[in-house]
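Q: need a structure here:
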Amino acid sequence: MTPIKLYRNPKSGHCHRVELLLAFLGLPYETIDLDMANGAHKAPEYLKISPFGKVPAIDDSGYTLSDSNAILVYLVQTYAKGSHWLPEDPKTAAEVQRWLTIAADNIFSGPCSARLVTLFGAQLDHAAAIAKSHDLFKLMETHLNGRNWLAAETITIADIAGYSYIAHAPEGGVDLAPYPNLRAWLNRIEAEDNFVPMVASEVPELA
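A: A predicted model of the protein is given here:
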């Protein structure tokens, strides 16, 4: 099988969730790190792959796709259809979709945005992003009480979509200490075979 090309920024949680699934599925892949500081993601050739100029994007033997959650669905439907990663039962599939939406909304505006401020100097409301993170984490802490995974009785792409930015939330100044169920869930994901970590960044000292 020809390796799937993964265009990424190694510090992007969106990119890491795709790499995590590629690793869990045992698919051959190669990472292509874009020099985004110098505009590589806006180059004409890359815009043919990712029209909005964002990462991640993949090239699977000539088929190109951007958007991390869309890529997760594509990879499962192509290489692991009918598996626990994306259950076919309508109710469970809907639960997975709900958490993919949370990843694109609450996780993005919470821990992802807080980390964008501290790591990349994004001009966002840091205090608001931290507050949104804690609102989400309180909800997830309750949701994970008595259950191991977000959407089903086994790990799914919902867990993968949520993992990266939550695991690295302290890099955005968001403390995970108050959430034992959430931390146990992160540990379960990290204990899965073929887990690959995202590159760690310094945790900021906040007043």
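Q: domain parsing of this structure, as residue ranges.
A: Following automatic domain parsing, the chain resolves into domains at 4-79, 90-190.
Q: closest one to Val196 among these?
A: domain 4-79 (4.6 Å; CB to CB). Any C-beta I mention is one placed from the backbone N, CA and C, and that applies to glycine too.
Q: start to end distance for that closest one?
A: Terminal residues of domain 4-79 lie 12 Å apart, using CA to CA, to the nearest Å.
Q: what about the strands in this protein?
A: In the chain, the strands defined using DSSP state E lie at 4-8, 29-33, 57-60, 63-66.
Q: list the contacts of the third one.
A: By that I understand strand 57-60. Strand 57-60 has contacts (CB atoms under 8 Å, 6 or more residues apart in numbering) with 4-7, 18, 46, 49-50, 64-66, 71, 74, 78.
Q: now the terminal residues of stretch 167-174, how far apart.
A: End-to-end distance for stretch 167-174, by CA to CA: 10 Å.
Q: can you pull the buried residues of it?
A: For stretch 167-174, a neighbour-count test (16 or more other CB atoms under 10 Å) marks Ala167, His168, Ala169, Pro170, Glu171, Gly172, Gly173, Val174 as buried.
Q: can you tell me which of the residues you listed is nearest His126?
A: Gly173 (7.1 Å).
Q: do you know how far that closest one is from Thr118?
A: Gly173 sits 6 Å away from Thr118, going by CB to CB, to the nearest Å.
Q: quickly list what's touching both of these two.
A: In contact with both Gly173 and Thr118: His126, Pro204, using CB under 8 Å, 6+ apart.
Q: chain center to the worst-scoring helix or strand of the chain on mean pLDDT: distance?
A: Least confident helix or strand, the chain: helix 44-49 with a mean of 91, by mean pLDDT, DSSP states H and E. What separates the centre of helix 44-49 from the centre of its chain is 23 Å, taken as CA atoms, centre = their mean, to the nearest Å.
Q: ok, Leu182 touching Val174?
A: No. Counting by CB atoms under 8 Å, Leu182 stays clear of Val174, with 11.0 Å between them.
Q: list residues touching both of those two?
A: Shared contacts of Leu182 and Val174, counting by CB under 8 Å, 6+ apart, come down to Phe137.
Q: pull out the buried residues from stretch 55-71.
A: Val55, Pro56, Ala57, Ile58, Asp59, Asp60, Leu65, Ser66, Asp67, Ser68, Asn69, Ile71.
Q: of all those, which comes closest to Asn145?
A: Among these, and counting by CB to CB, the member closest to Asn145 is Asn69, at 25.7 Å.
Q: ok, now which ones touch the closest one?
A: Leu100, Ala103, Ala104, Ile157, Ala161.
Q: can you put the residues you listed in CSV and add distance to Glu190?
A: Output for these, formatted as CSV (distance: CB to CB, whole Å):
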residue, distance to Glu190
Leu100, 21
Ala103, 18
Ala104, 23
Ile157, 16
Ala161, 16
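Q: closest to Leu136 among those?
A: Closest approach between these and Leu136, by CB to CB: Ala103, at 10.4 Å.
Q: what residue ranges in the chain score low on pLDDT?
A: 206-207 (pLDDT under 70).
Q: let's see it at 80
A: Low-confidence segments of the chain (pLDDT under 80): 203-207.
Q: quick revisit: for Glu205, find the nearest of the domains of the chain.
A: Per CB to CB, nearest to Glu205 of these: domain 90-190, 9.0 Å.
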